[in-house]
Each structure stands twice: as structure tokens, then as C-alpha cells.
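**Student:** Provided below are the primary sequence and the corresponding predicted coordinates.
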Amino acid sequence: MYILGFSSEHVLKYVQQYFSIVEHPELAGPLISIIKESRPVTDLIHTPIFLMLVCLMWEQDKSMVSPGTMTGLYNNLLTCLVRKHCKREGLDMEAELLPESIAESLMQLGKLALEALLRNETLLDLEEIDRENVDWKLLLKIGVVSLEFSASKWHPRKQLNFSHKTMQEFLAGRYIANAPLNQSTVDLLQLTCISKALEYSNLLQFACGCGSQAAQAVMEEVIKLSSKEFVALQLIQADEYDKLEDLHGKSIYSHKIGSKKKDRYGRFEQFCLDLLNERREPYMLQAVSRALPIIILNHDTCTKHEAVLKYYFGNIQQSHLPHRMILKMSLYGIEHLQQTFTFPIKDLQLDLELFKQFDSLDQAVRLTSFLKSVSGLKALNLCDFDLTPSLLQQLVHGFSHMSLLEELDLSENCNLGDNGMEVLQVGLTYIPHLAVLNIGWVGMTAVGMSSLAPCMHHLQGLRELDVSGNQIGNAGLESLTTILPSFVAMEVLVLERTGISSRGMCALVSALHQLIKISKLDFEGNNIGDIALECLANILPHLTAMEVLNLRYTGIGDRGTSALVKALPHLQELQVLNVRNNSIGDSTIASLVQALCNRSSLDMKEDLPGENSLTTACHLNTTLYALHMGGNTGVTETGLGKVAQLISALPGLIWLDMSGDGKRRAHLSDTAAMALAEALPRLPVLAQLDLYDVSMDLAGFQAVMQAAEEHPSLRRLVYDRRGIPEGVDTTYNSTSCLRLLRY
């Protein structure tokens, strides 16, 4: 039998019945609202005895139910339990002071509660309690524990069970805060990592709430853990924290901050705010600021932690500001934030990422008012905000107060058009420190690019420029090319689907030659062809910082790719290469992969060595983590087979695309499939393998699938349902990494 406690429906009925019986039905509604909104109360009220106590406290003194902290609520509950016991037993209890015998028994119970928590247990063996000389019968009468018998028929034992796990954590936290002087808080807590701190979050909140000395010890440990695990967050930009995208626009693991670590940081931030809420004192505020290099606030966080954030914003000192604060919310959320918290905070580096489109010009006016109040704004993200030239005109008024702005994202506002770029010209004059400008997919043509480009000369620190999705053509590119040499800090240039041709690309190359810091070039969807790629390949040896090169859908074939192959050994920092959906053939695609494997050798042979020497000639390349070469019309099973033999020399790969051409599926022979299966264990961090438009025979398919299922990190193997060999069970299995595409 397992006792679940009251359901939410039963809780509401009980509250209504309780106050009906005590003849105060008007008290039920407000308490129900508290129950729905307050997490500590919500956690408790499913236990019948605590629901009764909550109703009793609400009847006597409403502030006892919502004191503002978890510790305050549980202190009130414990006091209520002890007062009821004293009244029942005819004992005196002065104000909130617990009788000495009861206080001593509760402290002994707290010690046992802590030891059990550290063992991940909730039940206390009665024999152990007797050895500690704990008056457990008194604790039963008070109601903090209940007596149970173990489920074992062979070794039945009497055990004490806490009325609620949070009561166990509360009593353990009280003990930590009042532990003997010869026991350090650090030794008691045994905090070795962030995950352990999050596991004991309630315990640590109670410890902080119950004692100042314990709170200081807890925060010292939290700061140490944060400095070990999250120090890299101080060095990255907001967009790098938010996501690292591959060249298809899909999420991929970041080598700077993994998705799991990002999620853990979000939980850690909530945890730190909870600790500060338990004890709002200056040293706690300083400690939380040191533990959180970045503060990320959304509407839910601001609503849930409104009280403690008021304290934070109202008392934070300049010397303890976070490295960066990121706001991710709607305009409504921004207005609520502005009304609730004190702005501006001088020198606060703030990133603003808005969602939910504008409904009116009035909303743009209100947002402009907020922008004027945040002089330290570092990043403004208005992606897909349904902006028009008139709305942007209003927002530009706020740019004059944002001289420190470094990142501006206006992408996916297709109604801006060329007129919007004329408005933006004025705005750019106010933000001379701009380092990242994203104006992709805004409906701009060559006219808009030609008018905007001359107004960008003063942006000497521009590192990233994205004009993708705008049909600027060769004429617009020519305007951009004239100013590119002035951007000496340029690292990222995205020209995806901008309508440029071989002629425009060749003209661009001379300007790119001077941008030696460039680390990402994206030409996807532009029919530049082999001649332009040859021009680009000639300067690539000078662009040694190159990390990402996207040549997907660019009309390149063997001639241009062969030129690229010769340049690849110079690109020692290359991490992502995309040559998908072109006309590359078998021999050239194999040469490309071999060049990636042999980048340490600058005297590449033009001819592909024999199959027997393919793997032995390779050097391990641990830098490349994404290689997309699928969908090439000239690649057949022969080319894929050679690639399968080579690929194990790229052990840093996270994403590998070996898909066939969509018009003609490539068939992997059993020999080639076996080679791929043997290579997979040598790619230890591979997370996704794309094999759509590929078919295999049964033996080869089974070998690849077995290697994939046994792989420690492979989460997705994308395969064409039409290529499944006869006799294979295609029933969906949630634990399998296989993902079948339907056509």
C-alpha cells in the first residue's frame, strides 16, 4: 500500500469544509489562492495534518502562512505543532520559545534526519534512534514523525517516517545551523559538485534561513562550486550562451557550453535566488552576485522571485554587478519589470531578447521608454517582431540612449524592406560600438544595401554581420565589398541566399583577403560555382582563423572542390565544413575527407592513394566537429565506401552527414557498411549521423545499427525508411537512436 495524500481536488474541498465548520467561510477563497500560487504551501498541503495546520494558522494569523520564506513557513508549522502538543499535555510554552526538552529532542532528530538525507533515505530505524537516546515517543506525539513497520516479513523493523520529506529537510537544516562548534558546516554538507548542491537545495535553503553562520558557510561553498563549473560563462557572449547553431539552423552541442550545463546553470540560478530569499542580508547579496556570472530573467522567473529580485535590484552595489544580465520576455514582461524593479542600474550590462510581436505603435513607444532607462544595454534582440519602417522609426529614438549597444538583431522582420534600412541608417549613428549586426531576412534589396553600406563605415569594431535571405545580388554585394576592408575586427560574415553569383563572389574575395580574423563564412544558397570557389580557395591559406565554412547549395563541383582540398591543410582551426547538396564526385569527396584528416601535412598529394593506404595515411584531426557532405549528385556507393574507411581519423566529430543524393539513393555494400560500423567506436563524441537517401543490405545494416546502439553518445541516426532491408523490424522504439524519415 502506498499513501498518496490529498489530491488537489480534495485539498480544495477540505479548505472549504474547514472554514465552513469554524463559521468563517469567507477565509477559504483567499487561502485557496495562496495554495495555488505559493510553492512551499503547495508542497505541504497534500499531507492531511499539514493542511489542517495551514488552515489553523490562516484562521489565527494569515501572515503565518505566507511569511515570505520557506524557513519562516516551516518554523511556524513546527511552532504550531508544539503549541498544540503543549496545550494537549498541559505544558507551558512561552511565546515562540520551544520547551527545552522538546527543543533537545528536535535537535537530535535533526542530526538523524541529516544523516539519513546524506544516505538518500527518509526512514529512521528505531533501534538506531534508541542508541542515540532520542525521545521518539515525544516526537510521535508532536506529529513530526509517524511509526511504521518495514515491509520485510523476514526482518520486520520499526521505523520512524517523517510527515513530509520537506519536514525532514527542515529539521536537518535546523541542525546544521545549530550544530556543535566542533562540527563545520562544510563537513556536514559534503558538497562536492553543483549537482549535489541542487540535490540538497531545500536542505541548504533551510540551513541558510535558520542561521547566519551556516548561511555564510553555504555560500562560500556555492561560490567555489560555481567558479569551478561556470567560470567560462564570464567569457562568452549572450548568443553563445543561448545556442550554438549548426549550418542548418538546428541546435548542436556547443563546445563552449553544453546543453546539459546550460540547463544546470538555469537551475543553479533559481537555487541561488532561493538562498538569497531565505536570508536577505548584504553578505548573501554579495555572495549570490559572485556565484552568478550571468543573470537570466524571463517572465516566470520575475513573477516567482519578485520579492527577492526587488531586494536584489534595490540593494546591489556597483562592485557586485553580474558580468551580464539577460532579459528574455515579452513587452508585457518588460513593463512589469520596469514597474516592479528599480531601473536604471548604472553600469549594468544588459541583454534584451523580446518575443511576441508588436500590436500597435503605442507599444513601440512604451518599449522606447524602457530602452531610454537602460543606458547599459549591451544587446537588443527584436528577431521576428513584425517590425515596419514606422515602428523602427519610433525605436530608433531610443538608440540615442544606447551608446554602449554591442549587439543588434533585427532579423526576420521581412516588412522592413529598403525603407527600413533608410531608418536604420540614422539609428546606427547612435551606436558606434556595435559589434554584432543581424539584418537577415528583412526584405532588403540592392537598393537598401547600397544606401545602408556607406553609413556603416564608423563601425570599426564590427565582428559579425548577417545579411542572409536578402536579395541584394551582385550590385548590393559590391556596395558591401567597398566597406568590408574597414571592418578589421570582422569574424563572421553570413551571406546565405543573397542572390550573388560567381562574378560577385570573385569581387568579394579581394576584400576578404584583408580580413585575417574571419572565422565564419556562409555562402549557402548562392550559385557561385567552381570559378568563384577557386578564387576563394586561393586566399583561404591566409584566413587561418577560419572555424566555419558553409558552401551548401553553391553549385560547386569537382574542379572548385579540388582547389578547396589544397587549401584545407592551412585551416588548422576549422570546426564545421558544409559542402552538402552540390555536384561533387566520388574521388573528390574522398580527397576532401582525406585532406581534413591530413591537415598537419601541407604537401598534399593530388591523387587519392589506394584503398589499402587510406587509413594508415591519416593523422587524427580532433578539431573538426561537424562535417556535412550529403546530397552530392556525383557521390555514389564508391565514394561513401571510401569515406567510411577514412572517417575514423576525425574523432572530434559530433555531427556527420553521409547522406546520398535525393534523386538516386546510394547503396552501401556490406563491406562499406562494416567499415562504417568499425569506425563509429572511434568517433567517441558523435551525437548525430545522417544516412538518409542511403540503403544497405541486411548484414551491413545490422552491423551499423549494433555499433550505433552501443555508441556512448550517439543520439540520432537518421535513415531513409525506403532503404530499410527486408526483415528488419521498424516498430518505433523510444530507446533506439534510429530515426526514420518518411516520404
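**Tutor:** Ah, there it is.

**Student:** the helix or strand harbouring residue 32 - what's its average pLDDT?
**Tutor:** Using DSSP states H and E, the element containing residue 32 is helix 28-37. On average, the pLDDT along helix 28-37 is 82.

**Student:** with stretch 285-294 instead?
**Tutor:** 90.

**Student:** check stretch 17-25 too.
**Tutor:** Mean predicted lDDT for stretch 17-25 stands at 87.

**Student:** that stretch: which residues count as buried?
**Tutor:** Neighbour counts over stretch 17-25 (16 or more other C-beta atoms under 10 Å) mark 18-19 as buried. For glycine as for every other residue, the C-beta is placed from the backbone atoms N, C-alpha and C.

**Student:** then it to CSV, C-alphas only?
**Tutor:** Only the C-alpha atoms of stretch 17-25 are listed here, as CSV (Å, rounded to 0.1, in the frame of the first residue of the first chain):
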residue,chain,number,x,y,z
GLN,A,17,-15.3,22.5,4.7
TYR,A,18,-12.9,23.6,7.4
PHE,A,19,-13.8,27.2,7.3
SER,A,20,-17.5,26.3,7.0
ILE,A,21,-17.3,24.4,10.2
VAL,A,22,-15.4,27.2,12.1
GLU,A,23,-18.1,29.6,10.7
HIS,A,24,-15.6,31.7,8.6
PRO,A,25,-16.4,30.7,5.0
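
**Student:** hmm, back to that, elements contacting the helix holding residue 32?
**Tutor:** helix 8-21, helix 39-44, helix 48-60 (3 or more C-beta pairs under 8 Å, 6 or more residues apart in numbering; DSSP states H and E).

**Student:** ranking those helices by mean pLDDT, which is last?
**Tutor:** When I compare the helices and strands packed on helix 28-37, helix 39-44 is least confident, with a mean of 68.

**Student:** can you mark which positions in the one helix or strand residue 482 maps to are buried?
**Tutor:** Applying DSSP H and E as the criterion places residue 482 in helix 473-483. Using 16+ other C-beta under 10 Å as the test for burial, helix 473-483 gives 473-474, 476-481, 483.

**Student:** could you do stretch 491-506 as well?
**Tutor:** In stretch 491-506, counting by 16+ other C-beta under 10 Å, buried: 491-502, 504-506.

**Student:** pick out whichever of the residues you listed sits closest to residue 54.
**Tutor:** Among the buried residues of stretch 491-506, residue 492 lies closest to residue 54 (C-beta to C-beta), at 55.7 Å.

**Student:** model confidence score at that closest one, please.
**Tutor:** In this model, residue 492 is scored at 97, pLDDT.

**Student:** so it sits right up against residue 465, yeah?
**Tutor:** Yes: between residue 492 and residue 465 a contact is recorded at 7.1 Å, counting by C-beta atoms under 8 Å.

**Student:** starting at the chain centroid, how far to stretch 126-145?
**Tutor:** 45 Å (C-alpha atoms, centre = their mean, to the nearest Å).

**Student:** measure it end to end?
**Tutor:** Stretch 126-145 has an end-to-end distance of 12 Å (criterion: C-alpha to C-alpha, to the nearest Å).

**Student:** got it, and stretch 179-195?
**Tutor:** 24 Å.

**Student:** that stretch - what's its average pLDDT?
**Tutor:** Per-residue scores along stretch 179-195 average to 73.

**Student:** lowest confidence element among the helices and strands of the chain?
**Tutor:** helix 238-242 (a mean of 40; mean pLDDT, DSSP states H and E).

**Student:** picking that back up, what packs against the helix holding residue 482?
**Tutor:** If contacts are counted by 3+ C-beta pairs under 8 Å, 6+ apart, helix 473-483 sits against helix 446-452, helix 502-512.

**Student:** the helix or strand following that helix pairs with which strands?
**Tutor:** Using DSSP H and E, the helix or strand that follows helix 473-483 towards the C-terminus is strand 492-494. Paired neighbours of strand 492-494 in the sheet (DSSP bridges): strand 464-466 (parallel), strand 520-522 (parallel).

**Student:** can you redo those strands as CSV with mean neighbour count, mean pLDDT and distance to residue 31?
**Tutor:** Below are the strands paired with strand 492-494 laid out as CSV (neighbours: other C-beta atoms under 10 Å; pLDDT from 0 to 100; distance: least, C-beta to C-beta, whole Å):
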stretch, mean neighbour count, mean pLDDT, distance to residue 31
strand 464-466, 21, 97, 53
strand 520-522, 21, 97, 57
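
**Student:** with respect to residue 315, which of those strands lies nearest?
**Tutor:** That would be, of the strands paired with strand 492-494 and by C-beta to C-beta, strand 464-466, which comes in at 36.0 Å.

**Student:** neighbouring contacts of that closest one?
**Tutor:** Residues from elsewhere that reach strand 464-466 (C-beta atoms under 8 Å, 6 or more residues apart in numbering): 411, 435-440, 487, 490-494.

**Student:** likewise for stretch 63-80?
**Tutor:** 31, 34, 38, 40-41, 44, 50, 53-54, 56-58, 96, 98, 106, 144, 166-167, 170, 173, 202, 205-206, 208-210, 274, 277-278, 307.
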